[in-house]
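J.: Predicted model and sequence below, questions to follow.
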There are 4 protein chains.
Amino acid sequence: MATDPAPASRPHTGRRRNPAVREAVLRRAADLLAGPDGMAVTIDAIARAAGVSKHTIYRWWPSKGAVLLEAVVEHAQQEVPVPDTGVLAADLSTFLSGTFLAVERAGDLFRALAAEALRDTAAAEGMRAFIAARRERLRALLIQGRDRGELPAGIDLELTMDQIYGLMWYRLLIARTPLTAGLAAQLTQAVIGGARPHAPGPPAPIPATSRDDPGDVL
Amino acid sequence: MATDPAPASRPHTGRRRNPAVREAVLRRAADLLAGPDGMAVTIDAIARAAGVSKHTIYRWWPSKGAVLLEAVVEHAQQEVPVPDTGVLAADLSTFLSGTFLAVERAGDLFRALAAEALRDTAAAEGMRAFIAARRERLRALLIQGRDRGELPAGIDLELTMDQIYGLMWYRLLIARTPLTAGLAAQLTQAVIGGARPHAPGPPAPIPATSRDDPGDVL
Amino acid sequence: MATDPAPASRPHTGRRRNPAVREAVLRRAADLLAGPDGMAVTIDAIARAAGVSKHTIYRWWPSKGAVLLEAVVEHAQQEVPVPDTGVLAADLSTFLSGTFLAVERAGDLFRALAAEALRDTAAAEGMRAFIAARRERLRALLIQGRDRGELPAGIDLELTMDQIYGLMWYRLLIARTPLTAGLAAQLTQAVIGGARPHAPGPPAPIPATSRDDPGDVL
Amino acid sequence: MATDPAPASRPHTGRRRNPAVREAVLRRAADLLAGPDGMAVTIDAIARAAGVSKHTIYRWWPSKGAVLLEAVVEHAQQEVPVPDTGVLAADLSTFLSGTFLAVERAGDLFRALAAEALRDTAAAEGMRAFIAARRERLRALLIQGRDRGELPAGIDLELTMDQIYGLMWYRLLIARTPLTAGLAAQLTQAVIGGARPHAPGPPAPIPATSRDDPGDVL
DNA sequence: CAATAAACGAGACGGTACGTCGAGTCTTATC
DNA sequence: GATAAGACTCGACGTACCGTCTCGTTTATTG
């Protein structure tokens, strides 16, 4: 992901990286993905569309997956708001519908990244790092809500997040069914109102950290 | 998926299809997928490993994705039990842990199929058909349970299934975290105990078929 | 040079090599060499012009040099006569002017091969083998003539051939001056009449095999 | 070949050309050529080895061929003596063995230049100019000798030189057989003793300038 | 039992993308 | 203005995989 080769000891010398190249590549990659035959984008096509030499692309990104990943990151950073109204139901709904909207709009981009990550270990690693960052935001939201008593105390946050993001990726990659604001509301409902029953009956037997593995990924 | 070219009018003439070919291809494809470099399996490699000519593969399967799909179907058919004890909690838990175990064991096979489906429309279509069949089984289980009162009446079955399968595919394709029997139990708990609150208050405003789209896929 | 992969034990199986491919490649390579920008011929260009895939070229020839070499061999085989009138002066003159004419006509082809041989060891090896075969013909002619007394007994044949072929390649590669029939006659004169003086005076002190190395190449 | 960009009207401004650069480039180019993989030397490698920027190389030399050419010229100037004892046999032998020794020692350098000249017209032009200068020296030697009667009057000097240099380049580029002092002596013998028979008979019908083309190259 | 028809192994072939490399140009900052 | 460092374009390289296409052999069915 455009590693900085300057080891900090030497100030920097020689011609600087042209930022227009980076922008053009990422933008054109996203554009091509959105077009017809989006899933069959090639490095050559990106290079041609961006008016950039293939060599230059390979200088800054190790593989096609890395380009897609950086395009996704770029896309996500400017699109998804992180709300904080102090009410979990509202915040969560906003966060999810914002996420869904952004992902839906760049659907082919995300699908292409996932396809690449399924073949290229490095791309998968980068994708997981990106996902972990997004998941961190959601976790913070949920923890706040739980601390305010808006969530059952015994809730398994990781499992809940797995279900939320699982639903999203499932619809995006497999079912290809839409990710709407209505779905975000429904999901919010399910998490807050029904993730764990407050009602009497058999107490929730699941401990706080009941996941089978401690992974942080999402 | 191994189309039968006989047009039914003429009985049959010439040499018969060798069933060993089909078996060898599907078995070797699965084997190779399971090995190192599993995701990079080629048709040539499958042909070589199965002692079969590439031409023969393409005679019976239209594309690489079709081979993977049939291998997955084969795998699923012999692996996953469909229980019916009359108690939803038990049946669901059994069904899910069986599914998770089978999927986990052939992880690379499923991942390769998903990767192919992301590029090849036909493979995606076939995969969705397979998934719809599996989903149908789960739906039958859930409806039975609901009719026996083991599930809240207002539950949105499609959304619930989206969350279940979403979790599964998410862990399989993206997070690469394990799918254990414990997870199956936890999920069963969440669906039965907490999918919707039984507590009084505003009745669940969500209609029976509240999904944003009417698709049957899963 | 289009090695035959059949190890003779197995008769042969599978589709046969398409001879039209070989012909088209060699012919088009020669054509392109003769055109403008001849020295900058690429494998891609040859493939395109021959209506053949690059892959196929690499299947049969290990490198560009090998293609050029085979084109040269093909060219030489059908072009240069090997006379045998029993009179050295006539035979030698005919042989040389035939050689010169053929080489001159396919000048760019020979130059490209030489250029390739200067970079690629394998091409150089093949080229030397081809040259050795041509040199063998010339040697036979000269030995016949010497046995008939048409050449001085003490003549160093290898040195003489080095000078003849040296002149040819020098004009072809370096000086780029023409190789004419007149030059062939002049050279014949020099070899026969003046290679060694028959006249009295200091006897030729050069032994029969005076070359510094025994190489057979030319 | 290291063109001087100063337009002569303005005395000079700014930093002067660093002569160490020129030396380092030419020396390192020759060194690299002599090493393993000599024929595959790149401008980058030369720049790196010389501790010089690529840009600087291209400021002073128009192309890779020009660098090689100047390296060859440099090499030749300091290596090859031009004797003048007043005896052709001695002078010629000395000249040739000196030439052969120098060329042989920097074999890869000469071969690389020839390879470059086969692709780059400008390099070929420069190379021919260099060769013409060398040939001029040899011509002067031969003419002196002829005027002193040490050569047959009817000798075709250009053809003789073509044969001499042809032999040299042939062994250098094609046959890759050594160029020894013994060969120089043998060649001297052939030129002086036997270039044309002194014997009676039909007088040499070849006019003084019998070459098929008037070129001066060698 | 021959003629016919299909299945099959071997492998050649066209197409298309990949990732790498070298030549030569241009830019930035320093000397 | 000369220089080092290095970003950049252009274009060729050789490799890999896909899916299609012969070619000759083997196996079954039909007349």
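T.: Sure, I can see it. Residues are numbered from 1 along each chain as shown, chains lettered A, B, ... in the order given.

J.: From here on, just use CA atoms for contacts and neighbour counts.
T.: Fine.

J.: Report all helices and strands that the top helix by length along chain A contacts.
T.: Longest helix of chain A, by residue count under DSSP state H: helix A:121-147. Under the contact definition 3 or more CA pairs under 8 Å, 6 or more residues apart in numbering or on different chains; DSSP states H and E, helix A:121-147 sits against helix A:64-79, helix A:88-105, helix A:107-119, helix A:157-169.

J.: buried residues in the second one?
T.: Buried residues in helix A:88-105, defined by neighbour count with 16 or more other CA atoms under 10 Å in any protein chain shown: A:88-89, A:91-104.

J.: Contact residues of chain A facing DNA strand E?
T.: A:12-16, A:40-45, A:54-55, A:58, A:62-64 (CA under 7 Å from any atom of the strand).

J.: So is stretch A:120-129 next to DNA strand F?
T.: No: using CA under 7 Å from any atom of the strand, stretch A:120-129 stays clear of DNA strand F, with a minimum separation of 13.6 Å.

J.: List the buried residues of that stretch.
T.: So stretch A:120-129, judged by 16+ other CA under 10 Å, has buried residues A:Asp120, A:Ala122, A:Ala123, A:Ala124, A:Gly126, A:Met127, A:Arg128.

J.: So for chain A, which residue is the most central one in space?
T.: A:Ile131 (4.5 Å; CA atoms, centre = their mean).

J.: From A:Ala112, how far out is that residue?
T.: A:Ile131 is 15 Å from A:Ala112, where distance means CA to CA, to the nearest Å.

J.: pLDDT weak spots in chain A?
T.: For chain A, applying pLDDT under 70 flags the ranges A:1-10, A:79, A:194-218.

J.: Please identify which residue in it comes closest to chain C.
T.: Nearest residue of chain A to chain C, counting by CA to the nearest CA: A:Asp44, 16.5 Å away.

J.: buried ones in the helix or strand hosting that residue?
T.: Element membership for A:Asp44 (DSSP states H and E) is helix A:43-50. Residues A:Ile43, A:Ile46, A:Ala47, A:Ala49, A:Ala50 are the ones in helix A:43-50 that count as buried (16+ other CA under 10 Å).

J.: on that earlier part again, could you tell me how far the residue nearest to the centre of chain A is located from C:Arg171?
T.: On the measure of CA to CA, A:Ile131 and C:Arg171 end up 69 Å apart.

J.: circling back to that earlier point, just checking the distance from the helix holding A:Asp44 to the centre of its chain.
T.: In terms of CA atoms, centre = their mean, to the nearest Å, the gap separating the centre of helix A:43-50 from the centre of its chain is 25 Å.

J.: tilt between that helix and helix A:64-79?
T.: On the basis of axes from the mean of the first three to the mean of the last three CA atoms, to 10 degrees, helix A:43-50 is oriented at 50 degrees to helix A:64-79.

J.: helices and strands around the very next helix or strand once past helix A:43-50, which ones?
T.: Downstream of helix A:43-50, the first helix or strand assigned by DSSP H and E is helix A:54-60. With contacts defined as 3+ CA pairs under 8 Å, 6+ apart, helix A:54-60 has these neighbours: helix A:43-50.

J.: Can you confirm whether the helix it packs on lies near DNA strand F?
T.: No: for helix A:43-50, no contact with DNA strand F is found by CA under 7 Å from any atom of the strand; the gap never falls below 7.6 Å.

J.: Now do that helix: which elements does it pack against?
T.: Right, helix A:43-50 is packed against helix A:19-34, helix A:54-60 by 3+ CA pairs under 8 Å, 6+ apart.

J.: Just name the most buried of these.
T.: Comparing those by mean neighbour count (mean count of other CA atoms under 10 Å in any protein chain shown), helix A:19-34 ranks first with a mean of 19.

J.: Go ahead and confirm A:Leu118 touches B:Arg111.
T.: Yes: between A:Leu118 and B:Arg111 there is a contact under CA atoms under 8 Å: 6.9 Å.

J.: that older thread, so which of the helices and strands packed on helix A:121-147 gets nearest C:Leu167?
T.: The closest of the helices and strands packed on helix A:121-147 to C:Leu167 is helix A:64-79. By CA to CA, the value is 54.3 Å.

J.: List the contacts of that closest one.
T.: Contact with helix A:64-79 is made by A:1, A:25-27, A:29-30, A:42-43, A:61, A:98, A:102, A:109-110, A:112-113, A:116-117, A:120, A:122-123, A:126-127, A:130, as judged by CA atoms under 8 Å, 6 or more residues apart in numbering or on different chains.

J.: what does stretch A:103-118 give?
T.: Under CA under 8 Å, 6+ apart, the answer for stretch A:103-118 is A:30, A:33-34, A:38-39, A:64-65, A:68-69, A:72, A:123-125, A:127, A:172-173, A:178-179, B:39, B:111-112, B:115, B:118-119, B:173-174.

J.: Look up how far C:Thr180 lies from the residue in chain A positioned nearest to chain D.
T.: In chain A, no residue comes nearer to chain D than A:Gly14, which is 10.5 Å away by CA to the nearest CA. Distance check for A:Gly14 against C:Thr180: by CA to CA, it reads 55 Å.

J.: between those two, which one's more packed in?
T.: C:Thr180 (19 against 5; other CA atoms under 10 Å in any protein chain shown).

J.: Can you report how many residues neighbour the residue nearest to A:Leu32 when sequence neighbours are not counted?
T.: Nearest residue to A:Leu32 in three dimensions, chain neighbours excluded: A:Gly38, at 5.9 Å (CA to CA, 6 or more residues apart in numbering or on different chains). Per other CA under 10 Å, the neighbour tally for A:Gly38 reads 18.

J.: hang on, isn't A:Gly38 packed against A:Ala30?
T.: No: A:Gly38 lies out of contact with A:Ala30 (CA under 8 Å); the separation is 9.0 Å.

J.: ok so, going back, wait, the residue of chain A closest to chain C sits on A:Val52?
T.: No: contact criterion CA under 8 Å: A:Asp44 and A:Val52 do not qualify, at 9.5 Å.

J.: what sits in contact with each of the two?
T.: Jointly contacting A:Asp44 and A:Val52 under the rule CA under 8 Å, 6+ apart is no residue at all.

J.: what distance separates stretch A:74-90 from the centre of its chain?
T.: 13 Å.

J.: of all the residues in chain A, which ones are close to DNA strand F?
T.: Counting by CA under 7 Å from any atom of the strand, the residues of chain A close to DNA strand F are A:5, A:12-19, A:21, A:51-56, A:59-60.

J.: ok, now with 6 Å
T.: Contact residues, chain A versus DNA strand F (CA under 6 Å from any atom of the strand): A:Thr13, A:Gly14, A:Arg15, A:Arg16, A:Arg17, A:Asn18, A:Val21, A:Gly51, A:Val52, A:Ser53, A:His55, A:Thr56.

J.: now the last one: how far from C:Gly98?
T.: Taking CA to CA as the criterion, A:Thr56 is separated from C:Gly98 by 52 Å.

J.: what comes up buried for stretch A:106-124?
T.: For stretch A:106-124, a neighbour-count test (16+ other CA under 10 Å) marks A:106-120, A:122-124 as buried.

J.: Which residue ranges make up the domains of chain A?
T.: Domain assignment for chain A by automatic domain parsing gives A:19-60, A:66-194.
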